[in-house]
Structure formats: C-alpha cells, structure tokens
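Engineer: Here you go, sequence then predicted model.
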Amino acid sequence: MILNRQSSLRQHLRPGYVLIAVLIVIVVLSLAAYRYADMATAEYRATDRILLSTQSKSLADSGIHYAGALVSDPAAMTGTLAGNPFDNSGLFRGKAVELGNGRRGYFDVVSVDYSQDPGGGSLPLKYGVTDESGRINLNALLQIDSSGTVALNMLKKLPNMTDDIANSIIDWIDTNEDVRSGGAETSYYEALGTPYRCKNGPLDSVEELLLVKGVTPELLFGNDLNRNGKLDGDEPTSGGYTPGWAPYLTVFSRERNVDNTGAPRININGRNLRTIYGQLKEIVSPELAAYIVAYRYLSAPTATAKVTPGTSEGLVQVVEKAVSSGQNMKSQRNISSIYQLFGTSVASTVTTESKGGGKGQPMSTSTTTAFSFPIKDPESAAEQLGLLLDKTTIVSDTELSARINVMTASPAVLAALPGLEQADVDGIIAARPAPGTSDPEDPTYQTSAWMYTEAKVPAAKMQALDRYVTGRTQVYRIQAVGYFEREGPIARIEAVVDANNGKPRFVYYRDLTELGRAIDPRQQ
C-alpha cells in the first residue's frame, strides 16, 4: 500500500521540461513576430518614402507642364503673365496640388538670375522661367557665318575662355578637318586613350562640349556644382563664385520668320516691287515705303553728278508714278539690313525734251534729284523702326538662324556680341525695361529697334549686329521644384520647351534631384 502511494507520487512529480520548451517556443515566436513587425514597418516606411519621392517628382513635372502651358499660350503670355514669365512670384511660387487622401503638395518654378554680377559671391533666385534665346546658340552662329570667325570671337569674350579652347570648340562644330591654331580635329581625339572622332557637326547639347579638347566640368559648369546660385560648404571657393559657360550657351533657341502676331513677314527683297510697295504702305508711312522700294531699283547719286535735293513727298510721287505707269522697276540691289539704309540716298533722273536744238532737233534736259532715307536719327525712328523690323524680312525662309534676345541676355552674352564695346553694353542694360514693364505687343521692344532709339547704339553697329540680335523668344528653360509643406523629399526637374506657335514641344528634359536639396523652397 505504501509502495503504491509512492509510485503515484512519483508520477505526479514529473520534471518541468515541457514548460521550459513551451516558454522557449513563445520567446522565439515573439522575437520572430517582432522581427517581422520591424521589417514590415521598415518596408512600409520605405514604400511611403518611395511614394513621397514619386509624388514630389510628379509635383515638379506639374510645374514643368504648368509653366510650359503658360508660355506657349499667346493669350496667357499677354494676359495672365502680362509679358513677364521671367520674374513672377505670384504665378510661379508655392503652387498647391491636391494629391488625394487629404495630402497636398507644392511646386515652385525657379531660376538663377545670371543677369546679375556674380562678383558678390552669389546670384539671386527668381520665380519664373529662363529665356533660352538670351544665350549664344553656337549652331546658329555657324549657320550665319560658316567660317566660324564670328562664333570664335564671341566665344573668346566669355569669362575664363582661352584662344585654344575656343578654336577647339569651333573645330568640333565646323564641317572640315582643318585644325585651327591651338584647336583639335579627329587626329587629336583618335590619339587619346579612349579614342573617338571629332563631331564636325552641330552640337546636340551644351554638355557635349565636355568631349572637346580643353573643356572641363569646372570650366563648363563653374564651381556652383548644385547650380543654386551660391557656393555651399562642400563646393570649391577659390577664385570666388563662377557660373561657368553653360548659362551663356545653348543649342535649343529657335526663331520663326513671322511678326509678333504670328503672321508671315513681308520680304523686302522679293521680286515684285509693286506688290512690296503696296504691302509696306499698309504698315509704315508712304515716305518710308517709297524709299525702301526706290533703294531697290534706283541707284545712289554719283560723286560727280549735279543733283538737286528732293523731299520725301517728292520721292513718293516718283515711286507712285513708276508703279501706276508700268515703268520698269527692275531691282538693282538687295537690302542686307534695314540699318543699311541709314545715311543713304537714291537718285531719280528725269529727262525732258524741248525745241531749240540745232537743225530743228529737240533738245534734251536731264534733272537729277537725290532723296535721302527719311529716318535721320533715333528720335525720328521711334514710331516707324519697330514696325518695320517686326513686319519685314530680308529672306524668304520660314525659319531664321536663331538670334540672341537682347531683352533678356546677360551682360556676359551682350559683351560677346560683335562690335559692341563696354559702353554700349552698359547703355543697353540701362535702357532695356525690366520684365513685364513694357507692352508685350510693342513692336519696338519685340525687335532690336530700341537698341537704336533708346540705348543709342549707332546705326553702323546695328547693321553689323542685325543678323545676331532680336527682341523676343519662343524657347524657354524651366526648372521646377516639387515638395511638401513641412518635410519629405524634394524633386528638381529641368526642361526646355519650344512654344512652337501654341503647340509646345519639350526638346530637353533632365532630373536634377541628384544635386540634393540645393534649392529648398521651405527654407527660402
């Protein structure tokens, strides 16, 4: 009996191995569950971060398309923007976008103001787009002057440019294998460790210049590595702030051969002078229209001819008579620039016959009258020159080789223009109106006319400049920053849009987010 009780007691006093095993399993499962929860939380955070990053990029893209739509719509340009897409914080700063689920994002359209002097160590930010036509289009310069001389001389005037690098750049673009002094053609590049041929053709982008002999990232982009207009702590500061050449160069500017309403211009070098005269009278004074036509078919007075000074009204009568009588108006010369006409004169000879010659023969008497160009000075040109430059052209091409918009060009670009001295550049900067202060439909400021009438650049210099300057643009560089109100990722996108007569085309697109939070609207 006692033995049975002891045996039963031993059965009830089994060791607690099972309890320990259960506790271990619970701990392991708890750790696994914690690890899983931690991983799930990390994945959620990563997914949310990816979502926010994607949304911030979409916000920046929204800014690109928003600005592109505004600058491509003529009605928005003159109405909403009041002719000022370049510095307009009311339309380009802190624009809200609803993302759903109560979340809201923002975008800013920003640009570094390269029109200012970088000598102070930084450049300010503006809220707006940048005029791509305010830059030097190297491809267009080679179209205008295939020898490359003009482009070479303009490049040499850029800050920190050397003669050898300028020659190498022209060698890269021109179509021959002739090596310029200090330049480089295919033989140089084929001898490199990673050989390639010289392009000998138009640039596809400004960044392509990094392939050219002597061009370095520091020269092309300066020491502002993140391109925010100032030197940050991790950027080199020796030599002060230098923006490089990229802000002054482009390959994307374009100019259609139309007036400021988009209508085709009058080709004053056309063959039918009667038609040209009728068209010109619709836009400028009869005196100016008559002189332009007369310059085409009448000769200049000779130095030995005895002439009588005539009046502008008298020239109108001469041209009207020729037009109505069917008189031969065959062109003798073309016009290379409206400014070419300044200071010129034409002669009209009228021969009359009267009795009194020997043996009953009639006697001929010739009278030569000289007529001078009716625009004498900047004051007399104020009303007519802008219209004339806007409404007329000297070529029949539908596209012009892209010219530089002097209304928006930086001082460095203006200083590079052929024939201009520093006094001229200073006068241009002092005379040109700030963005949005002039009538966007004023033909004077849509052409180079104001350089003559307001900045007082002499007509002789304007004649040399006429092929290279304009007063308007149709291509814009847009930089948009997408962000959230308090915290979160920031995206930065840059694009170039061609307004293309109301049918915008994006010709360049780049994600600049990798440059970091160089531009953070939340800290502006």
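Structural biologist: That came through fine.
Engineer: now the spatially most central residue of the chain, nearest residue through space, not along the chain?
Structural biologist: Centroid check for the chain by CA atoms, centre = their mean gives residue 132 as the closest residue, at 1.6 Å. With sequence-adjacent residues excluded and distances taken as CB to CB, 6 or more residues apart in numbering, residue 132 is closest to residue 475, at 4.0 Å. Heads up, the C-betas are built off the backbone N, CA and C, glycines and all.
Engineer: I figured that neighbour hits residue 134, correct?
Structural biologist: No: here residue 475 does not reach residue 134: they are 9.9 Å apart, not a contact under CB atoms under 8 Å.
Engineer: Determine the number of other residues adjacent to the residue nearest to residue 396 when sequence neighbours are not counted.
Structural biologist: In space, and not counting its chain neighbours, residue 396 is closest to residue 267: 5.2 Å by CB to CB, 6+ apart. As a burial measure, residue 267 scores 16 neighbours (other CB atoms under 10 Å).
Engineer: same thing with the one 3 residues further on?
Structural biologist: When neighbours are defined as other CB under 10 Å, residue 270 has 16 of them.
Engineer: Regarding it, what is its secondary structure?
Structural biologist: coil (DSSP: H, G, I helix; E, B strand; the rest coil).
Engineer: Domain parsing of the protein, as residue ranges.
Structural biologist: 62-134+398-524, 266-390 (automatic domain parsing).
Engineer: Let me know the next secondary structure element after the least confident helix or strand in the chain by mean pLDDT.
Structural biologist: The weakest-scoring helix or strand in the chain, judged by mean pLDDT, DSSP states H and E, is helix 2-12 (a mean of 56). Counting by DSSP states H and E, the next helix or strand C-terminal to helix 2-12 is helix 17-72.
Engineer: Show the average pLDDT along the helix or strand following that following helix.
Structural biologist: Toward the C-terminus, helix 17-72 is succeeded by helix 74-78 as the next helix or strand (DSSP H and E). If you average the pLDDT over helix 74-78, you get 90.
Engineer: Need the contact partners of the following helix or strand past helix 74-78.
Structural biologist: Next in sequence after helix 74-78, counting helices and strands by DSSP H and E, comes helix 89-92. Outside helix 89-92, the residues that touch it by CB atoms under 8 Å, 6 or more residues apart in numbering are 63, 67, 70, 80, 81, 108, 109, 110, 127, 128, 129.
Engineer: Next up, phi/psi of the residue nearest to residue 214 when sequence neighbours are not counted, please.
Structural biologist: Closest residue to residue 214 apart from its sequence neighbours, by CB to CB, 6+ apart: residue 165 at 4.1 Å. Main-chain torsions, residue 165, degrees, to the nearest 10: phi -70, psi -40.
Engineer: How much space separates residue 165 from residue 270?
Structural biologist: 43 Å (CB to CB, to the nearest Å).
Engineer: Give me whichever of the domains of the chain is most buried.
Structural biologist: Among those, domain 62-134+398-524 has the highest mean neighbour count (mean count of other CB atoms under 10 Å), at a mean of 19.
Engineer: which regions of the stretch 401-524 of the chain lie under the pLDDT threshold?
Structural biologist: Applying pLDDT under 70 to the stretch 401-524 of the chain flags residues 524.
Engineer: all helices for it, in order.
Structural biologist: Taking DSSP state H, counting those that start in this stretch, the helices of the stretch 401-524 of the chain run over residues 411-416, 422-431, 449-453, 459-465.
Engineer: Distance to residue 40 added to those, as TSV?
Structural biologist: Below are those laid out as TSV (distance: least, CB to CB, whole Å):
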stretch	distance to residue 40
helix 411-416	56
helix 422-431	61
helix 449-453	66
helix 459-465	68
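Engineer: Relative to residue 340, which of the ones you listed is closest?
Structural biologist: Of all the helices of the stretch 401-524 of the chain, helix 459-465 sits nearest to residue 340, with 5.3 Å by CB to CB.
Engineer: who's in contact with the closest one?
Structural biologist: Applying CB under 8 Å, 6+ apart, the set of residues contacting helix 459-465 from outside is 336-337, 339-340, 342-343, 417-420, 424, 448, 451-452, 457.
Engineer: Kindly recompute the last result at 7 Å.
Structural biologist: Residues outside helix 459-465 that contact it (CB atoms under 7 Å, 6 or more residues apart in numbering) are 337, 339-340, 342-343, 417-420, 424, 448, 451-452.
Engineer: what's the closest of those residues to residue 498?
Structural biologist: Once CB to CB is applied, the member of the contacts of helix 459-465 that ends up nearest residue 498 is residue 448, at 21.9 Å.
Engineer: these two touch, right, the closest one and residue 468?
Structural biologist: No: judged on CB atoms under 7 Å, residue 448 makes no contact with residue 468 at a distance of 9.3 Å.
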